[in-house]
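Participant: A predicted structure for the sequence below; I have some questions about it.
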Amino acid sequence: MTTARASAIAAINTYRPTGPSWNFRETPTSELFGANVFSDAVMKDRLPKSVYKALQATIKQGKPLDPSIADAVALAMKDWAIEKGATHYAHVFYPLTGLTAEKHDSFLQPTGDGDAIAEFSGKELIQGEPDASSFPSGGLRATFEARGYTAWDPTSAAYILDNPNGTTLCIPTAYCSWTGEALDKKTPLLRSMQAVDKQARRVLALFGHKDVGPITASAGPEQEYFLIDRNFFFARPDLVVTGRTLFGAKPPKGQEFEDQYFGAIPERVLACMLETERELFKLGVPVKTRHNEVAPSQYEIAPLYENANIATDHQQSIMQMLTRVAQKYGMACLLHEKPFQGINGSGKHVNWSLGCRLGNLLEPGESPHANMQFLVFCAAVIRAVHLHADLLRAVVASSGNDHRLGANEAPPAIISIFLGEQLTDIFEQFEQGRATSSKSMGTLTVGVDTLPPLPKHAGDRNRTSPFAFTGNKFEFRAVGASQSIAGPLVALNTIMAESLDAVATELERATGGDASKLPAAVTALLQRIISEHKAVIFNGNGYSQEWHAEAARRGLPNFRTTPEALDQLVAPKNLAMFAKYGVLSEREMRSRYEIYMERYCKDINAEGQAALQIAKTMILPAAYRYQGELVDTAAKMQGLGQKPHMGTLDKLTKLVGSLEQRIDALEATLDHHGDGDLRREAGHFHDVVIPALASLREAADQVESILPDDLWPLPTYREMLFIK
């Protein structure tokens, strides 16, 4: 075995936890939760009463921020942070890389007499100035145009990030260019939340609800990820460079035994999970669930539902914390959608709903067929998804997610809605006239006297659906594990705003302000929506080939690849919709199209270059060595007068020749340039480079299957997935 692989296994075998364990008896979770957050309780305790009220009006009621309170908030925030050991503050923002960015500044200000004091002004709180030309802008900023601004988002709480050598005050911010155009993920998300609030308010007004407070989108993302030993990770250049394995023969055992899912969590993994949760609790992230996922060495962490903006910020913190804490336990966290070929990849199911002071607007209640308000909002979702399925596919498009969508592990690239038996039956009743009943939930009979009776839901769940109703929310299952949830939420909020706008307009016209006409108007609306948009409802097996054929007959789009999916971002109807609701201008939309298309090309190019380097410098030399050993063995046998068996040598010689040819073929594909046409370049990477990569992998994996273990240079799937 190679030194790197042997050292990795030895390190795993002798691993012992480091650092003191956390005693949850002495410090229960309730005391730990939000300890590092500049929370409502902290603000109430530290801010002048008038300042606190003004800030809460912005946070809880959505009123414009009063700039005059900034100095008082900054002073309280600084004193609180310094008491917790902070020496610096950081404006944290979310550029179009999809990652978290932060610019750190010291509180320290020289006084001019050789001393220094800690200062933090309202101006420094409200606005920062990172370089705008060094982040993706898609043409919104030229290289020489460097000015960009971070703007404090008071609706997302500041927090303290602990580090072994100190702490930092982190301030969530939006990020825009000198021209005011969005260069980040947060700005359009906040705009989309305003848009859906405005249109949902019109619908609720028709039902007699005037004072409902802010109507907010909520989100709860379920994060899947892999953990492998850090020694294996650094011995795999493909994982380091691209996040996924570009080579790797199928192990003797994969996930076919179905023994990983919800199995006992390995001790080291559980220790890592516990510390991750502890650190997230301190940041006020309401993580709720942890468990083994389907694939070996795959796991899941899921928080409770929150305001969509806060949930998005917290989701970035979850990804950061998973990566950071894993290192302490000698592991690497893999967030790529498909780190390992042949086993399930990782997604990020985003649970989405709308709510206000009245409660969850997608809560069916005890009698859904009679809950007109719920049915109107649910029908608006059906209409939105049917009309904008192309956009929902576009916002989950990436090179990594292309490996998942459509496989028997994730929803297909066809966007459809699962409603379940109860809601499907209700809408079918409306199509025929009006709904008079709802299927009852009933009780589940297990057949064991000592077990309690269990309430049975009115319908089953469907894990193959990309957009499924799950009781009082919709679960968008097509989002990739490494993605920010901001893009999908921007799309969901905006298409819902457009649909609620259409619904409100129709009902307003039909009723003319006469509340007595509302029931008949709602019935007519539901009948029309289900008649025109029922094609998007599908409760069956989304993995089946029959569904692909059926979806085509229904006219549902099926964009199988990232380039064709991203084209939908700049479709005229989508450009017009985002501009109409003030979420993204045409320039901002086109900039994102360019950034994401360029990212696709860069991803595949990096995979191609990494594959070439590994094949040339690691796999091919190992094959040559074994070839040489076989030739020497054959020569020695002939010298002894014995006829050697040449089968393995012949097979290896053919494989080496094939490997050399495929290396040359891949290298030739990477010499291509699109002559400035980004879409053509993306098409080349998909149509030419990816097949060449797959062809090279096929030959390399065959070489791995016959090489002696001591000659194979890379950690194997068997080692990475099963040695923990």
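Facilitator: Structure received. Numbering: from 1, shown residues only.
Participant: quick one: Ala211 from Pro715, how far?
Facilitator: Slight slip there: residue 211 is Asp, not Ala. In this structure, Asp211 lies at 61 Å from Pro715, with CB to CB, to the nearest Å as the measure. Quick note: C-beta positions are derived from backbone N, CA and C, even for glycine.
Participant: between these two, who's got more neighbours?
Facilitator: Between Asp211 and Pro715, counted using other CB atoms under 10 Å, Pro715 has the larger neighbour count: 27 against 6.
Participant: got the contact list for the more buried one?
Facilitator: Taking CB atoms under 8 Å, 6 or more residues apart in numbering, we find Pro715 in contact with Ala4, Arg5, Ala8, Phe232, Ala235, Arg236.
Participant: In helices, which of those appear?
Facilitator: Where the contacts of Pro715 overlap with helices, as defined by DSSP state H, the overlap consists of Ala4, Arg5, Ala8, Phe232.
Participant: quick one on the thing from earlier: can you list the contacts of Pro715 in JSON lines and add neighbour count, distance to Ser137 and pLDDT?
Facilitator: Formatted as JSON lines, the contacts of Pro715 follow (neighbours: other CB atoms under 10 Å; distance: CB to CB, whole Å; pLDDT from 0 to 100):
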{"residue": "Ala4", "neighbour count": "16", "distance to Ser137": "40", "pLDDT": "77"}
{"residue": "Arg5", "neighbour count": "22", "distance to Ser137": "43", "pLDDT": "80"}
{"residue": "Ala8", "neighbour count": "25", "distance to Ser137": "41", "pLDDT": "78"}
{"residue": "Phe232", "neighbour count": "24", "distance to Ser137": "37", "pLDDT": "94"}
{"residue": "Ala235", "neighbour count": "21", "distance to Ser137": "37", "pLDDT": "93"}
{"residue": "Arg236", "neighbour count": "25", "distance to Ser137": "33", "pLDDT": "96"}
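Participant: tell me what the helix ranked longest in the chain is packed against?
Facilitator: Taking residue count as the measure and DSSP H as the definition, the longest helix of the chain comes out as helix 586-614. Of the remaining helices and strands, those touching helix 586-614 by 3 or more CB pairs under 8 Å, 6 or more residues apart in numbering; DSSP states H and E are helix 237-242, helix 562-566, helix 572-580, helix 647-669, helix 678-684, helix 690-706.
Participant: Who are the packing partners of the fourth one?
Facilitator: So that's helix 647-669. For helix 647-669, the packing partners by 3+ CB pairs under 8 Å, 6+ apart come out as helix 586-614, helix 620-639, helix 690-706.
Participant: where does Gln609 land on pLDDT?
Facilitator: Listed pLDDT for Gln609 reads 97.
Participant: actually Pro563, not the one I typed
Facilitator: At Pro563, the model reports a pLDDT of 97.
Participant: Would you confirm that it contacts Tyr600?
Facilitator: Yes. Here Pro563 lies in contact with Tyr600, judged by CB atoms under 8 Å, at a distance of 6.7 Å.
Participant: Could you dump the helices and strands packed on helix 647-669 into TSV and include distance to Lys123?
Facilitator: Supplementary listing: the helices and strands packed on helix 647-669 in TSV, determined by distance: least, CB to CB, whole Å:
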stretch	distance to Lys123
helix 586-614	27
helix 620-639	59
helix 690-706	50
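Participant: Can you add mean neighbour count and give the ones you listed back as CSV?
Facilitator: What follows is the helices and strands packed on helix 647-669, written out as CSV (neighbours: other CB atoms under 10 Å):
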stretch, mean neighbour count
helix 586-614, 20
helix 620-639, 14
helix 690-706, 18
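Participant: so which of those helices comes closest to Gln429?
Facilitator: Distances from Gln429 to each of these were compared using CB to CB; the shortest belongs to helix 586-614, at 39.7 Å.
Participant: Mind listing residues that contact stretch 41-52?
Facilitator: Identification of contacts with stretch 41-52 by CB under 8 Å, 6+ apart yields Leu55, Gln56, Ile69, Ala72, Val73, Ala76, Asp79, Trp80.
Participant: Which residues are in contact with Val395?
Facilitator: By CB under 8 Å, 6+ apart, the contact list for Val395 reads Gly487, Pro488, Val490, Ala491.
Participant: do that again at 7 Å, thanks
Facilitator: Contact criterion CB atoms under 7 Å, 6 or more residues apart in numbering gives Gly487, Pro488, Ala491 as the residues in contact with Val395.
Participant: before we move on, what about Leu362?
Facilitator: Listed by CB under 7 Å, 6+ apart, the contact set of Leu362 reads Ser353, Leu354, Phe374, Phe377, Cys378, Asn472, Lys473.
Participant: measure the residue lying closest to it once chain neighbours are set aside to Thr29 for me?
Facilitator: Take Leu362 and drop its neighbours on the chain: the residue closest to it by CB to CB, 6 or more residues apart in numbering is Ser353, 4.8 Å away. Shown here: Ser353 relative to Thr29, a distance of 25 Å by CB to CB.
Participant: can you check Leu189 too?
Facilitator: For Leu189 relative to Thr29 (CB to CB), the value is 29 Å.
Participant: Okay, now the unreliable bits of the protein?
Facilitator: Counting by pLDDT under 70, the chain contains low-confidence residues at 1, 17-22, 24, 143, 406-409, 441-446, 449-450, 454-460, 673-674.
Participant: Quick check, central residue of it?
Facilitator: In the chain, the C-alpha closest to the average C-alpha coordinate belongs to Gln483, at a distance of 3.5 Å (CA atoms, centre = their mean).
Participant: Right, I'll call it a day here.
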